[in-house]
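Asker: I would like the atomic coordinates for the input below:
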Amino acid sequence: KFRKLGADIVVCVSVNDVFVLHEWAIATDPRGQLLFLSDGNLEFTRALGMMLDASTFGFGKRTKRYGMIVVNGVIKMLRIEPDPTKAEWSSSQSMIDAFSESARPATRAFSARS
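Answerer: Numbers count the residues shown, from 1 in each chain. Next up, the predicted model:
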């Protein structure tokens, strides 16, 4: 749906390793339309200020749940989940709705999982 709206690429960034992301890709994207990127050292996550310390729950350092629309390298929309246990603002449908309102050529949409 993102591509039909004009997105060049849809990316899922996660702090999990590449092996976990590979399995997620097989399970959720059998046609290979998404790009799954591992941020195992949280470098990208920290640079965005999206680190979530879930150590008290046994999950260690994670990424917040968020959805982002980037146009020509500039963040045009950033939607951060207020509750880290939910994926409402950053869900695919929510981001499609937001993207359809602001879609332009050469737009990239990002979503992250923790």
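
Asker: with adjacent residues omitted, what lies nearest to Met77?
Answerer: Leaving aside its sequence neighbours, Met77 sits nearest to Ile69 (CB to CB, 6 or more residues apart in numbering; 4.1 Å). From N, CA and C alone the C-beta is placed, and that goes for glycine too.

Asker: please state the mean pLDDT value computed over the helix or strand that contains that neighbour.
Answerer: Using DSSP states H and E, Ile69 sits within strand 66-71. Here the mean pLDDT over strand 66-71 is 89, rounded to a whole number.

Asker: so the most far-flung residue of the chain relative to its centre: helix, strand or coil?
Answerer: Farthest-out residue of the chain from its mean C-alpha position, per CA atoms, centre = their mean: Thr56, at 23.6 Å. Secondary structure of Thr56, reduced to three states by DSSP: H, G, I helix; E, B strand; the rest coil: helix.

Asker: so it versus Trp24, what's the distance?
Answerer: 25 Å (CB to CB, to the nearest Å).

Asker: before we move on, what about Met95?
Answerer: Separation of Met95 from Trp24 (CB to CB) stands at 17 Å.

Asker: looking at the two, which one has more neighbours?
Answerer: Met95 (24 against 16; other CB atoms under 10 Å).

Asker: report pLDDT for the closest residue in space to Gly32 that isn't next to it in sequence.
Answerer: Spatial nearest neighbour of Gly32, chain neighbours left out: Ala25 (7.3 Å); criterion: CB to CB, 6+ apart. What the model reports for Ala25 is a pLDDT of 93.

Asker: so Ala25 touches Arg31, yeah?
Answerer: No - the criterion here is CB atoms under 8 Å, and Ala25 misses it with Arg31 at 10.2 Å.
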